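[1] Return a 3D structure for these sequence lines:
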Amino acid sequence: MHSTHVPLAVAVERVDEEDAQTDHGDGTLRAGRYRRHIGPMVWASCIFGFSLALYGSYYYTTYTQALQVAAHLDLAQNADVSDRWRDRTRDFDEEVDVSEKFLLLKAKRRRLVQWATGNVLEVSCGTGRNLELYDLRPYDAQEKGGYGRSRRTRITSITFNDQSDVMIERAEAKFDALEAQRPEAQRFNGRVNFLVGDAGIKGVIPRPAGGYDTIVQTMGVCSMADAPAFLRHLGELCRQPGEQSEWLPPEADDGRGGKILLLEHGRSYYSWLNRLLDNGAKMHANHYGCWWNKDVGDVVSQSGLVVDRVRRYNFGTTYEYVLRPAQGRQTDD
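    Take a look at the predicted model:
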(Lines give C-alpha, C1' and ligand atoms only; values in the text may rest on other atoms or scores of the structure.)
Protein backbone atom coordinates (compact mmCIF):
# COMPACT_ATOMS: atom_id res chain seq x y z
CA MET A 1 0.00 0.00 0.00
CA HIS A 2 1.39 3.43 -0.99
CA SER A 3 0.85 6.62 0.99
CA THR A 4 1.35 10.16 -0.24
CA HIS A 5 2.38 12.91 2.21
CA VAL A 6 1.18 16.37 1.16
CA PRO A 7 2.49 19.51 2.96
CA LEU A 8 -0.16 21.27 5.00
CA ALA A 9 0.59 24.56 3.28
CA VAL A 10 -0.35 23.16 -0.12
CA ALA A 11 -3.98 22.64 -1.09
CA VAL A 12 -4.54 19.64 -3.38
CA GLU A 13 -7.40 19.31 -5.85
CA ARG A 14 -8.22 15.99 -7.63
CA VAL A 15 -8.95 16.62 -11.33
CA ASP A 16 -9.13 13.12 -12.83
CA GLU A 17 -11.02 10.81 -10.50
CA GLU A 18 -11.31 8.04 -13.09
CA ASP A 19 -7.57 7.73 -13.64
CA ALA A 20 -7.05 7.00 -9.96
CA GLN A 21 -8.65 3.56 -10.13
CA THR A 22 -8.29 2.57 -13.80
CA ASP A 23 -6.25 -0.44 -14.85
CA HIS A 24 -4.17 0.79 -17.79
CA GLY A 25 -3.48 -2.68 -19.14
CA ASP A 26 -0.15 -3.31 -17.49
CA GLY A 27 -1.63 -4.59 -14.22
CA THR A 28 -0.96 -1.39 -12.30
CA LEU A 29 -3.11 1.37 -10.95
CA ARG A 30 -1.90 4.88 -11.60
CA ALA A 31 -2.56 7.77 -9.28
CA GLY A 32 -4.86 10.48 -10.52
CA ARG A 33 -3.61 13.90 -11.52
CA TYR A 34 -3.57 16.69 -8.93
CA ARG A 35 -3.60 20.47 -9.18
CA ARG A 36 -1.69 22.19 -6.39
CA HIS A 37 -2.48 25.64 -5.04
CA ILE A 38 -0.03 27.70 -2.99
CA GLY A 39 -1.59 28.07 0.45
CA PRO A 40 -1.42 30.99 2.89
CA MET A 41 1.43 29.46 4.91
CA VAL A 42 3.64 29.39 1.82
CA TRP A 43 2.81 33.01 1.01
CA ALA A 44 3.48 34.00 4.62
CA SER A 45 6.84 32.20 4.55
CA CYS A 46 7.79 33.96 1.32
CA ILE A 47 6.85 37.37 2.70
CA PHE A 48 8.74 36.68 5.94
CA GLY A 49 11.81 35.53 4.02
CA PHE A 50 11.70 38.60 1.80
CA SER A 51 11.33 40.91 4.81
CA LEU A 52 14.19 39.16 6.60
CA ALA A 53 16.38 39.56 3.52
CA LEU A 54 15.60 43.28 3.38
CA TYR A 55 16.30 43.64 7.10
CA GLY A 56 19.57 41.75 6.79
CA SER A 57 20.58 43.84 3.78
CA TYR A 58 19.84 47.04 5.69
CA TYR A 59 21.94 45.99 8.68
CA TYR A 60 24.75 44.72 6.50
CA THR A 61 24.91 48.15 4.84
CA THR A 62 24.79 49.86 8.25
CA TYR A 63 27.50 47.56 9.56
CA THR A 64 29.75 48.29 6.57
CA GLN A 65 29.28 52.01 7.09
CA ALA A 66 30.06 51.57 10.79
CA LEU A 67 33.42 49.99 9.98
CA GLN A 68 34.30 52.88 7.68
CA VAL A 69 33.31 55.51 10.24
CA ALA A 70 35.04 53.72 13.14
CA ALA A 71 38.35 53.70 11.27
CA HIS A 72 38.47 57.51 11.49
CA LEU A 73 36.98 58.04 14.96
CA ASP A 74 39.30 59.00 17.81
CA LEU A 75 37.16 57.54 20.59
CA ALA A 76 38.46 55.25 23.34
CA GLN A 77 36.34 52.29 24.44
CA ASN A 78 34.02 53.30 27.32
CA ALA A 79 34.76 57.01 26.87
CA ASP A 80 32.09 59.32 28.31
CA VAL A 81 29.61 59.94 25.50
CA SER A 82 26.68 61.06 27.64
CA ASP A 83 26.66 64.53 26.06
CA ARG A 84 25.28 63.17 22.77
CA TRP A 85 21.72 63.68 24.01
CA ARG A 86 21.98 67.37 24.82
CA ASP A 87 21.12 68.24 21.22
CA ARG A 88 17.62 69.74 21.14
CA THR A 89 17.26 69.14 17.40
CA ARG A 90 17.21 65.35 17.77
CA ASP A 91 14.16 63.20 18.42
CA PHE A 92 15.45 60.43 20.66
CA ASP A 93 12.18 58.49 20.78
CA GLU A 94 11.90 58.39 17.01
CA GLU A 95 15.52 57.28 16.60
CA VAL A 96 15.24 54.26 18.90
CA ASP A 97 11.63 53.19 18.29
CA VAL A 98 12.36 50.71 15.48
CA SER A 99 15.13 48.83 17.30
CA GLU A 100 13.15 48.73 20.58
CA LYS A 101 10.11 47.30 18.82
CA PHE A 102 12.22 44.68 17.04
CA LEU A 103 13.73 43.58 20.39
CA LEU A 104 10.35 43.71 22.20
CA LEU A 105 11.84 46.03 24.80
CA LYS A 106 8.61 47.78 25.74
CA ALA A 107 7.20 44.57 27.20
CA LYS A 108 10.45 44.00 29.09
CA ARG A 109 10.39 47.57 30.42
CA ARG A 110 6.78 47.14 31.54
CA ARG A 111 7.51 43.88 33.37
CA LEU A 112 10.51 45.39 35.14
CA VAL A 113 8.89 48.58 36.45
CA GLN A 114 5.93 46.65 37.86
CA TRP A 115 8.34 45.70 40.67
CA ALA A 116 8.68 49.36 41.66
CA THR A 117 7.12 50.23 45.04
CA GLY A 118 7.37 52.90 47.73
CA ASN A 119 9.77 55.80 47.24
CA VAL A 120 11.08 55.33 43.68
CA LEU A 121 14.08 56.86 41.92
CA GLU A 122 14.60 56.42 38.18
CA VAL A 123 18.07 57.42 36.97
CA SER A 124 19.06 57.89 33.32
CA CYS A 125 15.36 58.35 32.65
CA GLY A 126 15.89 59.95 29.23
CA THR A 127 12.70 61.26 27.67
CA GLY A 128 10.61 59.13 30.02
CA ARG A 129 10.11 56.02 27.93
CA ASN A 130 9.03 54.14 31.08
CA LEU A 131 6.52 56.75 32.27
CA GLU A 132 3.41 55.19 30.78
CA LEU A 133 4.45 51.75 32.09
CA TYR A 134 4.49 52.54 35.81
CA ASP A 135 1.44 51.63 37.84
CA LEU A 136 0.86 55.00 39.52
CA ARG A 137 -2.69 54.36 40.64
CA PRO A 138 -3.41 55.81 44.08
CA TYR A 139 -4.08 53.79 47.20
CA ASP A 140 -7.68 52.60 47.39
CA ALA A 141 -8.39 52.47 51.13
CA GLN A 142 -11.59 50.47 50.65
CA GLU A 143 -10.02 48.28 47.96
CA LYS A 144 -13.37 48.45 46.18
CA GLY A 145 -12.75 51.19 43.65
CA GLY A 146 -11.23 48.87 41.09
CA TYR A 147 -8.36 51.25 40.43
CA GLY A 148 -6.22 51.50 43.56
CA ARG A 149 -3.12 49.59 44.57
CA SER A 150 -2.61 47.98 47.96
CA ARG A 151 -0.54 49.66 50.67
CA ARG A 152 2.34 47.22 50.15
CA THR A 153 2.64 47.59 46.38
CA ARG A 154 1.82 51.20 45.62
CA ILE A 155 4.30 53.86 44.50
CA THR A 156 4.19 56.70 47.02
CA SER A 157 6.81 59.08 45.60
CA ILE A 158 8.87 59.12 42.41
CA THR A 159 11.94 61.07 41.26
CA PHE A 160 13.15 61.14 37.66
CA ASN A 161 16.80 61.98 36.99
CA ASP A 162 18.99 62.44 33.93
CA GLN A 163 22.23 64.24 33.13
CA SER A 164 20.61 65.98 30.17
CA ASP A 165 18.33 68.95 30.77
CA VAL A 166 16.84 68.30 27.32
CA MET A 167 15.81 64.79 28.34
CA ILE A 168 14.33 65.95 31.66
CA GLU A 169 12.28 68.68 29.97
CA ARG A 170 10.77 66.12 27.59
CA ALA A 171 10.15 63.60 30.36
CA GLU A 172 8.32 66.18 32.47
CA ALA A 173 6.16 67.26 29.54
CA LYS A 174 5.35 63.62 28.81
CA PHE A 175 4.38 62.97 32.44
CA ASP A 176 2.05 65.99 32.51
CA ALA A 177 0.39 64.87 29.26
CA LEU A 178 -0.15 61.33 30.56
CA GLU A 179 -1.64 62.55 33.82
CA ALA A 180 -4.01 64.88 31.97
CA GLN A 181 -5.39 61.90 30.04
CA ARG A 182 -6.25 59.91 33.18
CA PRO A 183 -9.54 60.22 35.06
CA GLU A 184 -9.02 62.42 38.10
CA ALA A 185 -9.52 59.53 40.54
CA GLN A 186 -6.68 57.59 38.91
CA ARG A 187 -4.10 60.37 38.78
CA PHE A 188 -0.94 60.00 40.82
CA ASN A 189 -1.35 61.73 44.16
CA GLY A 190 2.20 61.31 45.44
CA ARG A 191 5.25 63.52 45.19
CA VAL A 192 6.95 63.82 41.76
CA ASN A 193 10.41 65.34 41.20
CA PHE A 194 12.42 65.92 38.02
CA LEU A 195 16.13 66.39 38.68
CA VAL A 196 18.98 67.24 36.29
CA GLY A 197 22.46 66.02 37.26
CA ASP A 198 24.94 63.15 37.27
CA ALA A 199 23.50 60.56 39.67
CA GLY A 200 26.93 58.97 39.98
CA ILE A 201 28.29 62.00 41.86
CA LYS A 202 27.62 61.93 45.59
CA GLY A 203 25.33 64.70 46.75
CA VAL A 204 23.65 65.32 43.39
CA ILE A 205 20.72 63.15 44.50
CA PRO A 206 20.16 63.54 48.25
CA ARG A 207 19.54 60.27 50.05
CA PRO A 208 16.12 60.40 51.72
CA ALA A 209 15.50 59.08 55.22
CA GLY A 210 15.24 55.31 54.88
CA GLY A 211 16.76 55.40 51.40
CA TYR A 212 14.95 54.70 48.15
CA ASP A 213 12.74 51.62 48.20
CA THR A 214 13.23 51.09 44.45
CA ILE A 215 15.81 52.45 42.00
CA VAL A 216 15.18 51.93 38.28
CA GLN A 217 17.64 52.26 35.42
CA THR A 218 16.95 51.15 31.86
CA MET A 219 19.58 51.42 29.14
CA GLY A 220 21.88 53.60 31.24
CA VAL A 221 24.93 51.48 32.13
CA CYS A 222 25.99 51.62 28.49
CA SER A 223 26.60 55.38 28.78
CA MET A 224 28.62 55.31 32.02
CA ALA A 225 32.38 55.79 31.88
CA ASP A 226 32.73 53.99 35.25
CA ALA A 227 29.59 51.85 35.42
CA PRO A 228 30.60 49.71 38.46
CA ALA A 229 31.18 52.84 40.58
CA PHE A 230 27.87 54.25 39.40
CA LEU A 231 26.00 51.11 40.48
CA ARG A 232 27.82 51.09 43.82
CA HIS A 233 26.55 54.60 44.45
CA LEU A 234 23.00 53.53 43.57
CA GLY A 235 23.44 50.83 46.21
CA GLU A 236 24.25 53.56 48.75
CA LEU A 237 21.12 55.53 47.81
CA CYS A 238 18.98 52.41 48.17
CA ARG A 239 17.31 51.32 51.42
CA GLN A 240 19.81 49.08 53.22
CA PRO A 241 19.17 45.58 54.63
CA GLY A 242 17.48 45.99 58.01
CA GLU A 243 16.65 49.65 57.38
CA GLN A 244 12.99 50.61 57.84
CA SER A 245 11.17 52.14 54.89
CA GLU A 246 9.72 55.60 55.46
CA TRP A 247 7.12 55.05 52.73
CA LEU A 248 5.94 51.44 52.91
CA PRO A 249 4.15 49.62 55.75
CA PRO A 250 6.20 47.23 57.93
CA GLU A 251 4.56 44.17 56.35
CA ALA A 252 6.09 45.14 52.99
CA ASP A 253 9.64 44.97 54.39
CA ASP A 254 11.43 41.63 53.97
CA GLY A 255 14.56 42.90 55.73
CA ARG A 256 16.69 42.66 52.58
CA GLY A 257 16.66 46.34 51.73
CA GLY A 258 15.42 48.09 48.62
CA LYS A 259 15.63 46.92 45.00
CA ILE A 260 17.67 48.16 42.05
CA LEU A 261 15.96 47.26 38.78
CA LEU A 262 18.13 47.21 35.66
CA LEU A 263 17.33 46.63 32.00
CA GLU A 264 20.50 46.95 29.95
CA HIS A 265 22.09 45.90 26.69
CA GLY A 266 25.62 44.64 26.16
CA ARG A 267 27.71 41.68 25.10
CA SER A 268 26.13 38.47 23.83
CA TYR A 269 26.55 34.80 24.64
CA TYR A 270 28.06 34.35 21.17
CA SER A 271 31.53 35.39 20.03
CA TRP A 272 30.43 36.06 16.42
CA LEU A 273 27.83 38.56 17.62
CA ASN A 274 30.30 40.17 20.01
CA ARG A 275 32.65 40.75 17.08
CA LEU A 276 29.88 42.59 15.25
CA LEU A 277 29.13 44.67 18.35
CA ASP A 278 32.81 45.48 18.86
CA ASN A 279 33.30 46.53 15.25
CA GLY A 280 30.30 48.86 15.31
CA ALA A 281 30.76 50.14 18.86
CA LYS A 282 32.57 53.39 18.06
CA MET A 283 30.03 54.58 15.52
CA HIS A 284 27.11 53.60 17.75
CA ALA A 285 28.61 55.32 20.80
CA ASN A 286 29.43 58.46 18.86
CA HIS A 287 25.89 58.77 17.52
CA TYR A 288 23.69 57.32 20.28
CA GLY A 289 25.81 58.03 23.35
CA CYS A 290 26.10 54.43 24.51
CA TRP A 291 28.57 51.56 24.29
CA TRP A 292 26.53 48.57 23.22
CA ASN A 293 29.41 46.11 23.72
CA LYS A 294 29.86 46.47 27.50
CA ASP A 295 30.05 43.29 29.56
CA VAL A 296 27.07 44.08 31.80
CA GLY A 297 27.54 40.91 33.85
CA ASP A 298 31.09 41.97 34.68
CA VAL A 299 29.90 45.49 35.56
CA VAL A 300 27.34 44.09 38.02
CA SER A 301 29.91 41.72 39.52
CA GLN A 302 32.38 44.57 40.11
CA SER A 303 29.67 46.73 41.71
CA GLY A 304 29.42 44.42 44.73
CA LEU A 305 25.61 44.46 44.65
CA VAL A 306 23.70 41.28 45.45
CA VAL A 307 22.02 39.64 42.46
CA ASP A 308 18.46 38.75 43.39
CA ARG A 309 17.47 37.72 39.86
CA VAL A 310 18.91 37.88 36.35
CA ARG A 311 17.44 37.07 32.95
CA ARG A 312 18.92 37.52 29.47
CA TYR A 313 17.21 37.85 26.10
CA ASN A 314 17.97 38.54 22.44
CA PHE A 315 21.00 36.21 22.13
CA GLY A 316 22.09 37.35 25.58
CA THR A 317 22.45 41.03 24.62
CA THR A 318 19.53 42.23 26.78
CA TYR A 319 20.03 41.94 30.56
CA GLU A 320 17.32 42.16 33.21
CA TYR A 321 18.50 42.40 36.82
CA VAL A 322 16.94 42.75 40.25
CA LEU A 323 19.76 43.78 42.59
CA ARG A 324 19.98 44.42 46.32
CA PRO A 325 22.50 46.39 48.39
CA ALA A 326 25.05 44.25 50.20
CA GLN A 327 25.00 43.87 53.99
CA GLY A 328 27.07 46.46 55.81
CA ARG A 329 27.31 48.91 52.90
CA GLN A 330 28.02 52.50 53.90
CA THR A 331 25.56 55.19 52.85
CA ASP A 332 26.19 58.83 52.07
CA ASP A 333 23.76 60.22 54.63
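
[2] In the protein, which residue is most central in space?
    Taking C-alpha atoms, centre = their mean, the centroid of the chain lies closest to Leu105, which sits 3.9 Å from it.

[3] so that residue makes contact with Glu320?
    No. Assessed by C-beta atoms under 8 Å, Leu105 is found out of contact with Glu320, at 10.4 Å. Just so you know, the C-beta spots here come from the backbone N, C-alpha and C atoms, and that holds for glycine as well.

[4] SS state for Pro228?
    helix (DSSP: H, G, I helix; E, B strand; the rest coil).

[5] just Tyr269 next, same as before
    coil.

[6] and it, how many residues sit next to it?
    10 (other C-beta atoms under 10 Å).

[7] Strand partners (parallel or antiparallel) of the strand or helix carrying Glu264?
    Glu264 is part of strand 259-265 when elements are defined by DSSP states H and E. Sheet pairing of strand 259-265 (DSSP bridges) gives strand 214-218 (parallel), strand 318-324 (antiparallel).

[8] now the residue nearest to the centre of the chain: how far from Tyr313?
    Using C-beta to C-beta, to the nearest Å, Leu105 is found at 9 Å from Tyr313.

[9] Which residues are in contact with each of Leu105 and Glu320?
    Leu263 (C-beta atoms under 8 Å, 6 or more residues apart in numbering).

[10] coming back round to it: does anything pack onto the helix or strand just after the strand holding Glu264? Which helices or strands?
    Moving toward the C-terminus from strand 259-265, the next helix or strand (DSSP H and E) is helix 271-288. Packed against helix 271-288 by the contact rule (3 or more C-beta pairs under 8 Å, 6 or more residues apart in numbering; DSSP states H and E) you find helix 40-70.

[11] again, only using 10 Å
    Judged by 3 or more C-beta pairs under 10 Å, 6 or more residues apart in numbering; DSSP states H and E, helix 271-288 is in contact with helix 40-70, helix 92-102.

[12] Buried residues, that helix. List them.
    Within helix 271-288, the residues that count as buried by 16 or more other C-beta atoms under 10 Å are Leu273, Asn274, Leu277, Gly280, Ala281, Lys282, Met283, His284, Ala285, Asn286, Tyr288.

[13] show me the residues around the nearest residue to Val123 once chain neighbours are set aside that make contact.
    In this structure, Val123 finds its nearest non-sequential neighbour in Ala199, 4.3 Å apart by C-beta to C-beta, 6 or more residues apart in numbering. Ala199 makes contacts with 121-125, 159, 161-163, 205, 215, 217, 220, 224, 230, 233-234, 237, as judged by C-beta atoms under 10 Å, 6 or more residues apart in numbering.

[14] how about the nearest residue to Phe244, chain neighbours excluded?
    Slight slip there: residue 244 is Gln, not Phe. Gly210 (6.1 Å).

[15] before we move on, the earlier item: quick one: mean pLDDT for the strand holding Glu264?
    Averaging pLDDT along strand 259-265 yields 98.

[16] next one: stretch 86-102
    85.

[17] Flag every buried residue along that stretch.
    For stretch 86-102, the neighbour count (16+ other C-beta under 10 Å) marks Phe92, Val96 as buried.

[18] Which residues outside it are in contact with it?
    55, 84-85, 105-106, 108-109, 126-129, 163-167, 169-170, 174, 219, 265, 287-289, 314.

[19] Pull out the buried members of these.
    Of the contacts of stretch 86-102, these count as buried by 16+ other C-beta under 10 Å: 84-85, 105, 108-109, 126-129, 163-164, 166-167, 170, 174, 219, 265, 288-289.

[20] least reliable of the helices and strands packed on helix 271-288 going by mean pLDDT?
    helix 40-70 (a mean of 69).

[21] where along this structure do the strands fall?
    For the chain, the strands defined by DSSP state E cover 10-14, 34-38, 118-122, 155-162, 191-196, 214-218, 259-265, 306-313, 318-324.

[22] For those strands, give me JSON lines that also has distance to Lys101.
    Formatted as JSON lines, these follow (distance: least, C-beta to C-beta, whole Å):
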{"stretch": "strand 10-14", "distance to Lys101": "33"}
{"stretch": "strand 34-38", "distance to Lys101": "30"}
{"stretch": "strand 118-122", "distance to Lys101": "22"}
{"stretch": "strand 155-162", "distance to Lys101": "23"}
{"stretch": "strand 191-196", "distance to Lys101": "27"}
{"stretch": "strand 214-218", "distance to Lys101": "15"}
{"stretch": "strand 259-265", "distance to Lys101": "15"}
{"stretch": "strand 306-313", "distance to Lys101": "14"}
{"stretch": "strand 318-324", "distance to Lys101": "13"}
